[in-house]
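> Model the following, please.
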Amino acid sequence: MGIRRFKPTTSSLRHTAISDFAEITKSKPEKSLLKPLKKSGGRNSNGRVTARYRSGGHKRMYRMVDFKRNKIDVQAEVLGIEYDPNRSCRIALIQYEDGIKSYILAPLELKVGDKVVSSLDKDIDFKAGNCLPLRKMPLGTAVHNIEMKPGKGGKIARSAGTSAQIMAKEGDFAFIRMPSSEVRKIPIDCRSTIGQIGNVEHESRSLGKAGRSRWLGRKGNVRGVAMNPFDHPHGGGEGKAPQGNPHPVTPWGKPTKGYKTRKKRKYSSKYIVRRRGSK
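Below is the predicted model:
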């Protein structure tokens, strides 16, 4: 696992830094765990663009990752570590004792041949890849793929290199410190997986050229100040003019660039103990 850099033989290779894929052990995905993935181009069900600057991209098949880890107390062996084009982290192909295969998010220390298990009340080894309720984990444990409601499947800490930490337990809740430094209460019966997600070097990569963004389905993002006043409130002016507005806005006049859009009375606010960025 590392970052691969190139000699600057072309202008695009000069700044390119991509993964060396050294941890990948299996090149072709498991066919039984694939399903087609249709592109939206940023359009909703009415055909209108609701997410701008999305288009094209390489064809992908969706890998059906098991976020719920529902097979309880059945040991599984890791058959391989694979690349997943739909997420930043790697995925691990596992096979249970009854022959069923499944994909899980690959933790940092997981290797081919390792055994992993998901449990509710048994005392199992505290090693990367094992899944347990928060009530069974000691304080300070690094976890990922955390449920927000019991049985709903993991929702939190699923991207490359991330992990959350169990800070405290009080009553029916565990206090979890998120990767963003936010501290949040999660029901103590929710399950999570032990360890930090792999592919830690993902944040160090540099795409190097615009074409690689297009492969990912991202079009160029045009600045408002570079447009005409007809196209954007920031547009127009003689020469290289600033945005002009007292507060930056979207093309439709709504505040943007740091403007908080979270509802002030959102139902889940009562579970946030300390917000990210607070001192």
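> any idea which residue sits dead centre in the protein?
residue 159 (3.1 Å; C-alpha atoms, centre = their mean).
> For the nearest residue to that residue once chain neighbours are set aside, the count of nearby residues, please.
Spatial nearest neighbour of residue 159, chain neighbours left out: residue 88 (4.9 Å); criterion: C-beta to C-beta, 6 or more residues apart in numbering. Yep, even glycine has a C-beta here, placed from its N, CA and C like the rest. Neighbour count for residue 88, taken as other C-beta atoms under 10 Å: 16.
> correct me, but residue 88 touches residue 202?
Yes - between residue 88 and residue 202 there is a contact under C-beta atoms under 8 Å: 5.0 Å.
> Name the residues contacting each of these two.
159, 160 (C-beta atoms under 8 Å, 6 or more residues apart in numbering).
> residues in contact with the nearest residue to residue 68 once chain neighbours are set aside?
Closest residue to residue 68 apart from its sequence neighbours, by C-beta to C-beta, 6+ apart: residue 153 at 4.2 Å. With contacts defined as C-beta under 8 Å, 6+ apart, residue 153 is in contact with 67, 68, 147.
> Give the buried subset of those as a PyMOL selection command.
Selection command for PyMOL covering only the buried members of those, criterion 16 or more other C-beta atoms under 10 Å:
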select buried, resi 67+147
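> Nearest to residue 24, out of the contacts of residue 153: which one, please.
residue 67 (21.4 Å; C-beta to C-beta).
> Now the residue lying closest to the closest one once chain neighbours are set aside: phi and psi?
Closest residue to residue 67 apart from its sequence neighbours, by C-beta to C-beta, 6+ apart: residue 153 at 4.0 Å. With angles defined as degrees, to the nearest 10, residue 153 sits at phi 90, psi 160.
> Against residue 74, how distant is residue 153?
18 Å (C-beta to C-beta, to the nearest Å).
> With residue 152 instead?
With C-beta to C-beta as the criterion, residue 152 and residue 74 are 21 Å apart.
> Format the contacts of residue 153 as TSV; extra columns: pLDDT and secondary structure.
Formatted as TSV, the contacts of residue 153 follow (pLDDT from 0 to 100; DSSP: H, G, I helix; E, B strand; the rest coil):
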residue	pLDDT	secondary structure
67	97	coil
68	96	coil
147	96	strand
